[in-house]
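Need a 3D model of the sequence below.
(chains A, B, C and D, ligands or ions: 6)
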Amino acid sequence: MNQLLYSKLPIFFKVNPSLITSVGKICLDRPVMLASGILGISLDVFNRLYRSGAGAVVTKSLSTEPWDGYPNPTIFSVDGGGWINAVGLSNPGAQNFAKMIESNVDVPIIVSLVGSIPEDFESMIMQFKNCKITAFELNLSCPHVAKVGLEVGDDPELVKKIISAVKTSTNIPIIAKVGLGTSNYLNTVNAAIDSGIDAITAINTVRAIAIDVETQRPILSNKFGGLSGTPIKPIALRCVYEISSKYDIPIIGCGGISTWEDAVEFILAGSSAVQLGSAIGSNWIHVFNDINHGILEYMKRKGYSKIDEMVGLAKKS
Amino acid sequence: MNQLLYSKLPIFFKVNPSLITSVGKICLDRPVMLASGILGISLDVFNRLYRSGAGAVVTKSLSTEPWDGYPNPTIFSVDGGGWINAVGLSNPGAQNFAKMIESNVDVPIIVSLVGSIPEDFESMIMQFKNCKITAFELNLSCPHVAKVGLEVGDDPELVKKIISAVKTSTNIPIIAKVGLGTSNYLNTVNAAIDSGIDAITAINTVRAIAIDVETQRPILSNKFGGLSGTPIKPIALRCVYEISSKYDIPIIGCGGISTWEDAVEFILAGSSAVQLGSAIGSNWIHVFNDINHGILEYMKRKGYSKIDEMVGLAKKS
Amino acid sequence: MQRNHNHPKICIVEKVIDETPTVRTLIFSDDVMHNVLPGQFAMVWIPGLNELPMSVMVSKESGKAAFTVRKHGLASTGLYNVQVGQQIGVRGPYGNSFDLKQGKLLLVGGGTGLVPMMRLLTFVKPTDDVTLVIGAKSKNEVFFEELANDLLKNNVHRVIITTDDGSYGEKGFVTNTIEKLVNENRFDGIYTCGPEIMMYKTVQLAHSKGLFVQASLERTMKCGVGICGSCCIGEDLVCKDGTVFDGDHLMSNHEFGSFHRNKAGILENY
Amino acid sequence: MQRNHNHPKICIVEKVIDETPTVRTLIFSDDVMHNVLPGQFAMVWIPGLNELPMSVMVSKESGKAAFTVRKHGLASTGLYNVQVGQQIGVRGPYGNSFDLKQGKLLLVGGGTGLVPMMRLLTFVKPTDDVTLVIGAKSKNEVFFEELANDLLKNNVHRVIITTDDGSYGEKGFVTNTIEKLVNENRFDGIYTCGPEIMMYKTVQLAHSKGLFVQASLERTMKCGVGICGSCCIGEDLVCKDGTVFDGDHLMSNHEFGSFHRNKAGILENY
Ligand SMILES: Cc1cc2nc3c(=O)[nH]c(=O)nc-3n(C[C@H](O)[C@H](O)[C@H](O)COP(=O)(O)OP(=O)(O)OC[C@H]3O[C@@H](n4cnc5c(N)ncnc54)[C@H](O)[C@@H]3O)c2cc1C
Ligand SMILES: Cc1cc2nc3c(=O)[nH]c(=O)nc-3n(C[C@H](O)[C@H](O)[C@H](O)COP(=O)(O)OP(=O)(O)OC[C@H]3O[C@@H](n4cnc5c(N)ncnc54)[C@H](O)[C@@H]3O)c2cc1C
Ligand SMILES: Cc1cc2nc3c(=O)[nH]c(=O)nc-3n(C[C@H](O)[C@H](O)[C@H](O)COP(=O)(O)O)c2cc1C
Ligand SMILES: Cc1cc2nc3c(=O)[nH]c(=O)nc-3n(C[C@H](O)[C@H](O)[C@H](O)COP(=O)(O)O)c2cc1C
Ligand code: FES
Ligand code: FES
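Ligands and ions are numbered 1, 2, ... in the order given. Take a look at the predicted model:
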């Protein structure tokens, strides 16, 4: 990392060996990453988030062409916590995005991709050959856009084809992001593992809706959206626990994490790293440092020297 | 209703024509019912809840034999709202229960049943031939007990067999309660409708887990449980909206309802009545009257004279 | 973040005291539990084993509280066997509390039902005249006598022990003693916790004399928050409407003193 | 229940005022919006149509607030067309606010960028010497002149209008006027909101003289709460870090005055 950046960092940021974690072949300085779709369209912002303590940043899900996404309202705040969003995967397209991050030096960037067929993913991956990136995450689980996301993830055969194709076109680690759709997500996990996936991110948002009683209509322009944040934490945690109980695959936990306790719960359930998005809406980007700090204190108190020692402990009880 | 009971009632309780609602053949004085499994083992308590404003009470899910359920802890309070429970369908068995409610005169009781095969349901229904009950609700969606609940609901062929058998053994209306399992719940709804179901209750709890970071183990004795309360509201509301958009079947909305606004949202999404459980844990049984009141005020303000006029309005926008 | 009282707080057992061969007191630190009202209870998690309702025992040290448990079935034996240094989870407090009158007070406790009685003693006024009756089967099951005398040292008071076998204190069932006491005195308030039959007789006696009486009931509990229904007695839910009920109310509850529900919810006779 | 500021509150448009042929002010009642700080904005839902960020316009009547909208694309035209009696949803307020200095103040507003300037005027001290420059293309696009004079009636003040075509006030681009003003005066604080080129030039001029200057920026917004990222400019998020930024900071942001992002997030030149 260059000196200029270092000088801007909070002291805490300097790599702390206890927080290093490996998600299969992916090695991270810190276990908490930015989830896909959150603040994820500019390299400058990625740099800022990295300096704020994120172990990696996942980009917005990119498609072969730029997408405007759905009209506003695209985000709804749920009373009592969490958000329902139907941004509609708005993104500048893989090519524009790749150009933007070509200058990346420091930030561990995980590029998230959406598509309908193997060729979509293959062609996008080609665009990034001049970029320094840490991994690709295949979004097989967006619950509110037709023909991509869950419509792919709910079809294990298609998942197999996509991952097999992707694995032959790059050596960069591939992560599959799964969610709760209309089939058993464990079949998708199984198909992904069979096809050589390097890690699983679980979970995406859960399909939901919000209705305004005064105007008597759904609030989001797309009507349906994806529920994220605290409400889905117990569900996401269960998925991590289920996957790690059934399969031997590195897992990145995601869904409703906003405190260090949440992060530790996901680690104890079997994830080697975690992602968060919604918590930024309430705690802003300080959330990364707060969680890193909390995990470190916990590890000190409990006598752990590596994240790895805690991964999956809850299953041993 | 007898005079004695009337005298104990809050004034509000007297039947208000605006609140009357029909769920297919089932006619209710008020649209908010007690959900299954909540406070549901004693006729005395049913009477009390009815006097508190519940339009009907659904019993705990009953099985052919008494079940102790899982050891404690069976309930966990989620930070930020809601509960995860794995009571394990503890219940006194259909026969004991039927005996207890034989003396029922006043309360609209909906008897909830769990089982694995058509014969389980048929035999239980026979037990109730001397009881005054309003409907049977088939629990096809408990997420934390093996061989019943979701394991049945996720198998549309079995659902068809069960409902067809049940429909031939009684003339009492039959409701199917669905939830989010490992298959598309809309296929279960479809199978239920094909087999002549009278109404659908949506949804049950959503499979979840809670882990304690200090002791590093799942908290519930069964490890997995079902998430209920505010966190699942946006998901439950979406299911009601999806079912009512796709099928022409009376719907009872359930999941995270705790205010009159919540109840109205479910009605606007297409349910003719609603159930609630978790809200009792925070607002106690006053919640029924509070919601009835709120709905009435809303109807007055908006100029409605019947619940029916509001059912499904959000789909018309 | 504010503490969610429904969330099990992990506490470490700091000290264990054997009260009788089958009853132990486990002391731990917790400000919230230190300050509960008499009659309130906690749900106590024994990690990996079970969770059960427990009245919260007083501790003289500030910031500390305790549970006094009799080993019985699986859950209570699990708690009984918790060692110093082990973790338990504590949520609550739940339930209402005794409505404390002033003047001449009668407290009737049996077994671990003495726990809320001890806490009640910490709330009496120095001007109150307090009679505490402790019922036990035999001498080696008597506990908290010394503590009670200590808590009452500034009051006009009597601590009466009865044992069924006469091995200590007065011989005979505790209810005979109560009968005598209510015949000979005009109590301003009577409070009881212990075996249901004892409570039933006490309430019946007091009620028949028109005296103010309250009992703290026990029923199978799962949630403690008024959701699961397992603690119902007639139309009341012990965790939410109780644990403390007025004698008047109890005498009109046809399950009081006669039935309780087992884990499946089936009514069983006492 | 406490109001969740992120939840659209349904308000009814009570009055509509045509400011110019393309700009309207919509007045509604809402205590929270009545009291926002200058620079803060709301997300405004036009049910069934769209949602867009709007600075909150002042209203003299207590408990009321307003939006002043120029019809432009789909969303703003939708809001522009809202009739008296129709419902809109309002969430917020969001963003930070201007850091108000005392003494000699210069405010530079263009178009609907005048909205936060009007609110700023309600916060100036009577002792402040205030110069407001309003830039417009031509006479029929000038609005809020009278209101500004009224809000400043107790201050030493000047309201200067410039029009590109000279049909009203001074002829020429607003930035020429600014240049003259900063050369001839020592301002204690300069505040600007309007077209980005105008803000850029204003900030550049002020910054080159070492004067304190702040600008309130506009970017595409979806969430308003710092989640979606659509409002980013360099490493800043306008909804969360702004909308108000210091001149120093802006001059080091390589996107300010040059690029904004379209709905897909692609950088476009201004
Ligand atoms: C509010 C409250 C406060 C309590 N406080 C204390 C306390 O301070 N100390 C203490 O030792 N115990 C206390 N108890 C009792 C305790 O929670 C357990 O119920 C008891 O110890 C037996 O539990 P177990 O799981 O060990 O036995 P189980 O295996 O559950 O039961 C053993 C036997 O007892 C029967 N039984 C269980 N509950 C009841 C009941 N309510 N009435 C009659 N029979 C029953 C069962 O049917 C079974 O036959 C309290 C209970 C309540 C509800
Ligand atoms: C904090 C904030 C406060 C605002 N306050 C007001 C206000 O008080 N009154 C008011 O009328 N408007 C205000 N706006 C602008 C308003 O929200 C809309 O962006 C604008 O009216 C155009 O929206 P539209 O959807 O109608 O047009 P669109 O269809 O979205 O856009 C029309 C054209 O404008 C371009 N465009 C959109 N946004 C920008 C931008 N940020 N910079 C440059 N070009 C852009 C688009 O690319 C397109 O070519 C504010 C914006 C922000 C961010
Ligand atoms: C506004 C918003 C946009 C999102 N966009 C994407 C996306 O493009 N791709 C994706 O895989 N997940 C997307 N997600 C899902 C998140 O990455 C994450 O899986 C989910 O929000 C749960 O995590 P959280 O509870 O920490 O937010 C989005 C979520 C939000 C709130
Ligand atoms: C403690 C508890 C026990 C439950 N038991 C049952 C049951 O026996 N049968 C059933 O169909 N649903 C059962 N449920 C699910 C509820 O009926 C309801 O579907 C769910 O809690 C969602 O509603 P709520 O958010 O209002 O609680 C139970 C829920 C809870 C919290
Ligand atoms: S213990 Fe669950 S209702 Fe009382
Ligand atoms: S508008 Fe979404 S981050 Fe600013």
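
Every contact and neighbour count from this point should use C-alpha atoms.
OK.

ok, A:Val105 - how many residues close by?
Applying other CA atoms under 10 Å in any protein chain shown, we find 14 residues neighbouring A:Val105.

Would you check that it makes contact with A:Lys132?
Yes - using CA atoms under 8 Å, A:Val105 makes contact with A:Lys132 at a distance of 6.8 Å.

A:Gln275 belongs to a helix, doesn't it?
No - assessed with DSSP: H, G, I helix; E, B strand; the rest coil, A:Gln275 is strand; it does not lie in a helix.

List the beta-bridge partners for it.
Note on A:Gln275: beta-bridge partners by DSSP bridges are A:Met33, A:Cys254.

how close does it get to C:Ala66?
Counting by CA to CA, to the nearest Å, the separation of A:Gln275 from C:Ala66 is 40 Å.

Check A:Gly24 and give its pLDDT.
On pLDDT, A:Gly24 comes in at 96.

And it, its phi and psi?
phi 60, psi -120 (degrees, to the nearest 10).

How about A:Ser61?
Torsion angles, degrees, to the nearest 10, at A:Ser61: phi -70, psi 130.

what's the neighbour count on it?
Neighbour tally, A:Ser61, other CA under 10 Å: 26.

Tell me if I'm right that it and A:Asn139 touch.
Yes - using CA under 8 Å, A:Ser61 is in contact with A:Asn139, at 6.9 Å.

Run through the strands of the stretch 101-250 of chain C in chain order.
With DSSP state E, counting those that start in this stretch, the ranges of strands along the stretch 101-250 of chain C come out as C:104-110, C:129-136, C:156-163, C:170-171, C:189-193, C:213-216, C:232-233, C:236-237, C:244-246.

Make TSV from those and add mean pLDDT, mean neighbour count and distance to A:Ser244 to it.
Shown next, in TSV, are the strands of the stretch 101-250 of chain C (pLDDT from 0 to 100; neighbours: other CA atoms under 10 Å in any protein chain shown; distance: least, CA to CA, whole Å):
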stretch	mean pLDDT	mean neighbour count	distance to A:Ser244
strand C:104-110	96	24	50
strand C:129-136	96	25	53
strand C:156-163	95	19	57
strand C:170-171	93	18	62
strand C:189-193	97	26	48
strand C:213-216	98	28	46
strand C:232-233	95	26	40
strand C:236-237	96	22	40
strand C:244-246	97	21	46
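
who touches both of A:Ser61 and A:Asn139?
By CA atoms under 8 Å, 6 or more residues apart in numbering or on different chains, A:Ser61 and A:Asn139 have these common neighbours: A:112-114.

Flag every residue of chain C that's near ligand 6.
By CA under 6 Å from any ligand atom, no residue of chain C approaches ligand 6.

How is chain C divided into domains?
With domains defined by automatic domain parsing, chain C comprises C:9-94, C:104-269.

Those domains: which one's closest to ligand 4?
Nearest of the domains of chain C to ligand 4, taken as CA to the nearest ligand atom: domain C:104-269 at 4.8 Å.

Would you tell me which residues of chain A are close to chain D?
By CA under 8 Å from any CA of the partner chain, the residues of chain A that approach chain D are A:37-48, A:66-69, A:71-79, A:90-93, A:96, A:214-215, A:217, A:219, A:221, A:277-278, A:280-281, A:284.

For the residue of the stretch 51-200 of chain C found nearest ligand 5, list each beta-bridge partner.
Nearest residue of the stretch 51-200 of chain C to ligand 5: C:Pro53, at 8.7 Å (CA to the nearest ligand atom). C:Pro53 forms beta bridges with C:Met43, as assigned by DSSP bridges.

From A:Ile109, how far out is it?
50 Å.

ditto for C:Arg24
57 Å.

what does stretch A:253-261 contact?
A:35, A:82, A:201-205, A:228-233, A:236-237, A:240, A:262-263, A:266-267, A:271-279, A:283, A:287, A:290-295, B:213.

Could you rerun that using 7 Å?
Applying CA atoms under 7 Å, 6 or more residues apart in numbering or on different chains, the external contacts of stretch A:253-261 come out as A:201-204, A:228-233, A:236, A:240, A:263, A:266, A:271, A:273-276, A:278-279, A:291, A:294-295, B:213.

ok, now stretch C:15-23?
So stretch C:15-23 is contacted by C:24-27, C:68-71, C:84, C:140-141, C:143 (CA under 7 Å, 6+ apart).

Please apply the same query to stretch A:225-235.
So stretch A:225-235 is contacted by A:81-86, A:143-144, A:205-209, A:255-257, A:278-279, B:207-210, B:231-232 (CA under 7 Å, 6+ apart).

at 8 Å instead, please
So stretch A:225-235 is contacted by A:81-86, A:142-144, A:204-209, A:255-258, A:277-279, B:80, B:206-210, B:227, B:230-232, B:234-235 (CA under 8 Å, 6+ apart).

now the one helix or strand A:Tyr241 maps to: how far from the chain's centre is it?
Element membership for A:Tyr241, per DSSP states H and E: helix A:233-246. Computed by CA atoms, centre = their mean, to the nearest Å, the chain-centroid distance of helix A:233-246 equals 15 Å.

ok, now which ones touch the residue most central in space within chain A?
Closest residue to the average C-alpha location of chain A: A:Ala35 at 3.6 Å, with CA atoms, centre = their mean. A:Ala35 makes contact with A:57-59, A:254, A:275-277, according to CA under 8 Å, 6+ apart.

Pick out the most distant pair among those.
Farthest-apart pair in these is A:Thr59 and A:Cys254; separation 14.7 Å (CA to CA).

more neighbours, those two?
A:Cys254 (32 against 26).

how far away is that one from ligand 6?
Separation of A:Cys254 from ligand 6 (CA to the nearest ligand atom, to the nearest Å) stands at 20 Å.

Stretch A:135-143 - what's its average pLDDT?
In this model, stretch A:135-143 has an average pLDDT of 95.

How about it and ligand 3, any contact?
Yes - applying CA under 6 Å from any ligand atom, one finds stretch A:135-143 in contact with ligand 3 at A:Asn139.

Might you calculate how far that stretch sits from the centre of the chain?
The answer for stretch A:135-143 is 8 Å, by CA atoms, centre = their mean.

One more: stretch A:113-122?
18 Å.

Nearest to chain A: which residue in the stretch 51-200 of chain C?
Here the stretch 51-200 of chain C gets closest to chain A at one residue, C:Gln87, 13.7 Å apart by CA to the nearest CA.

what are the bridge partners for that residue, then?
Where C:Gln87 sits in a bridge, its partners, by DSSP bridges, are C:Ile12.

ok now stretch A:197-206, how far from the chain's centre?
Using CA atoms, centre = their mean, the offset of stretch A:197-206 from its chain centre is 7 Å.

May I see the buried residues of that stretch?
A:197-206 (16 or more other CA atoms under 10 Å in any protein chain shown).

Any residue of it touching ligand 3?
Yes - Stretch A:197-206 comes into contact with ligand 3 (CA under 6 Å from any ligand atom), by way of A:203-205.
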